[in-house]
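S.K.: Need the 3D shape of this:
(chains A and B)
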Amino acid sequence: MLTIGVLGLQGAYKKHSRLLNRLGVNSINVRYPNELDRCQALIIPGGESTTIMKLMDFIHIRDKIVKFSESRPIFGTCAGMILMAKKANDPKLETLSLIDMEVIRNAYGRQVDSFTHSIDVMVNGNKETISGVFIRAPRVLKVGKNVKVLASLNGDPVFVREGIHLATTFHPELSSSTVVHQMLINLIKGPVYQSGA
Amino acid sequence: MKKGSFEVKVGLAEMLKGGVIMDVTTSEQAKIAEDGGAVAVMALERIPADIREEGGIARMSDPKMIKEIQKMVSIPVMAKCRIGHFAEAQILEALGVDFIDESEVLTPADEKNHINKHSFKVPFVCGCRDLGEALRRIGEGAALIRTKGEAGSGNIVEAVRHMRLVQSGIKELTTLDDEVLMAKSKELGAPYTLVKQVAKLGKLPVPNFAAGGVATPADASLMMQLGAESVFVGSGIFKSEDPSERAKAIVAAVTYYDDPEKIGEVSYGLKEAMKGLDMSEIPVEQRLQDRGW
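M.R.: I've put the predicted structure just below:
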């Protein structure tokens, strides 16, 4: 059976597990490096990126995640996306550099500026509208030429893919839509480089 | 674009799960907390242990100090207002704090009414001693619940009592017939719709954190094992001998709460914890947990 790990160091990791279970996928909480060996994909959840980064280094899982990314998909939401970026506008953050993009933390303001907005995602050539929950969300400043923008909001990319890796600035795990998680599953099962958007 | 909905309020609470929220009184302390791995800081003028010692009226912090802390750290900044003091809450919201704690640690402004938290865009956290109190606060719009414990005591006993009462209250609801829920709602003094919701879900509709007396990594582990989803540490860090190391140790203890070897490792050689108070040393009329209802 397919097993997807959710990095369970801090943040909204249980919400991802619940969604994966709804899709009939086994999910494990990854808190130790050797737990990655059982996973066909990994989700880095939302939370506080500085906290998650410190805990990654505390348990020495950073190098293992980078190695994992060479052959298996990783999907990051919000803080997870920041950690996957090549560059973040915060000297405190040493990111994993899994997707060629530059992000700005808390780019929309403080919590009172957190918002929900509908997001159109192209899935197999069809447009699907999902509810995007943006919590102290990052903004993608620029993306590299191999990065595909799968959804945007007011001109800013909010959902991107590079190779087998996905990232969203919003929280699909807080809405009822399973579209984004299903795309992650397809990246494991199906052809690695789909036509996508 | 919809801002300030209950969904985005609870959304931030979800992001704080599995983390430690630390009380800080200066921007230097906020930096130590952030470097230690805190998911958020609570900006306040005096930590509960000092409020207890010095007495006087405890109020909302000086906006200048809150601004300085906001400038210093990139993690969410919370601040406290007095129970029922909606004008303090309005100011905190205007300052852009990320969460407001309507807190029993400050001197209550209204002995009968808590703030109508639905009318704010900023999310609120409130303390509780049992399920009824938790549901009353959620009914008023709280997006996050924490145990009251006994702030500034360095003694975990009250937080344990409150967490156990909340959890056993939830368990009991899930065993009851639908016909009984209205009577139960009356007994709990809690909104019927929320009582029905908890009976069905088997958990609170918002995250449930621990607070009030956490002083050691083992305390944090205990609360997490009792069902807390994150931990607030008030006086426990900056009243200890080595705040920086203690902060890091408690952060690791929350993530690895069920791994005694890891907690032993981070507790090893940690300098003195805060001294703390036995409950018998705190006169009943000075117990902070009895503020609010």
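S.K.: pLDDT score for the residue of the stretch 101-250 of chain B found nearest chain A?
M.R.: With Cβ to the nearest Cβ as the measure, B:Lys121 is the residue of the stretch 101-250 of chain B nearest to chain A, at 4.8 Å. The C-beta positions use only the backbone N, C-alpha and C, and glycine is treated the same way. Note on B:Lys121: pLDDT of 97.
S.K.: What sits closest to B:Gly139 if chain neighbours are left out?
M.R.: Nearest in space to B:Gly139, with sequence neighbours left out and distances taken as Cβ to Cβ, 6 or more residues apart in numbering or on different chains, is B:Pro191 at 4.3 Å.
S.K.: With B:Asp219 instead?
M.R.: Closest to B:Asp219 by Cβ to Cβ, 6+ apart is B:Ile156, at 4.7 Å.
S.K.: which residues does the one you found contact?
M.R.: B:Gly149, B:Gly213, B:Val214, B:Ala215, B:Asp219, B:Leu222, B:Met223 (Cβ atoms under 8 Å, 6 or more residues apart in numbering or on different chains).
S.K.: Which residues of chain A lie near chain B?
M.R.: A:8-15, A:31, A:46-48, A:50-51, A:54-55, A:58, A:78-79, A:90, A:92, A:105-106, A:109-117, A:133-136, A:171, A:174 (Cβ under 8 Å from any Cβ of the partner chain).
S.K.: The closest residue to B:Ile57 other than its chain neighbours: neighbour count?
M.R.: In space, B:Ile57 comes closest to B:Thr107 once its chain neighbours are excluded; the distance is 4.7 Å by Cβ to Cβ, 6+ apart. Here the number of neighbours of B:Thr107 (other Cβ atoms under 10 Å in any protein chain shown) works out to 15.
S.K.: Need the pLDDT of B:Thr107.
M.R.: 95.
S.K.: which SS class is it?
M.R.: Assigned with DSSP: H, G, I helix; E, B strand; the rest coil, B:Thr107 falls in the coil class.
S.K.: which residue is nearest the centroid of chain A?
M.R.: Geometric centre of chain A, nearest residue: A:Gly76, 1.4 Å, by Cα atoms, centre = their mean.
S.K.: how about it, what does it touch?
M.R.: By Cβ under 8 Å, 6+ apart, the contact set of A:Gly76 is A:Ile43, A:Ile44, A:Ile82, A:Leu83, A:Met84, A:Leu98, A:His165, A:Leu166, A:Ala167, A:Thr168.
S.K.: Please enumerate the helices of chain B.
M.R.: Shown for chain B, the helices assigned by DSSP state H span residues B:6-15, B:27-35, B:48-54, B:63-72, B:86-94, B:131-139, B:157-175, B:181-188, B:192-201, B:217-225, B:235-238, B:243-255, B:260-267.
S.K.: just the ones you listed: most buried one?
M.R.: Across the helices of chain B, averaging neighbours per residue (mean count of other Cβ atoms under 10 Å in any protein chain shown) puts helix B:235-238 on top, at a mean of 27.
S.K.: Summarise which helices and strands that one is packed against.
M.R.: When contacts are defined as 3 or more Cβ pairs under 8 Å, 6 or more residues apart in numbering or on different chains; DSSP states H and E, helix B:235-238 packs onto strand B:20-24, helix B:48-54, helix B:243-255.
S.K.: give me that answer again for 7 Å
M.R.: Packing partners of helix B:235-238 (3 or more Cβ pairs under 7 Å, 6 or more residues apart in numbering or on different chains; DSSP states H and E): helix B:243-255.
S.K.: ok, and the closest non-adjacent residue to the residue in chain A that chain B sits nearest to?
M.R.: Proximity to chain B, evaluated over chain A using Cβ to the nearest Cβ, is greatest for A:Gln111 at 3.9 Å. Closest residue to A:Gln111 apart from its sequence neighbours, by Cβ to Cβ, 6+ apart: B:Asp98 at 3.9 Å.
S.K.: where does the stretch 1-150 of chain B come near chain A, residue by residue?
M.R.: Listed as neighbours of chain A in the stretch 1-150 of chain B under the rule Cβ under 7 Å from any Cβ of the partner chain: B:1-5, B:7-8, B:11-12, B:14-15, B:17-19, B:34, B:37, B:39, B:74-76, B:93, B:96, B:98-99, B:121-123.
S.K.: Report the distance from stretch B:22-41 to the chain centre.
M.R.: With Cα atoms, centre = their mean, to the nearest Å as the basis, stretch B:22-41 stands 16 Å off its chain's centre.
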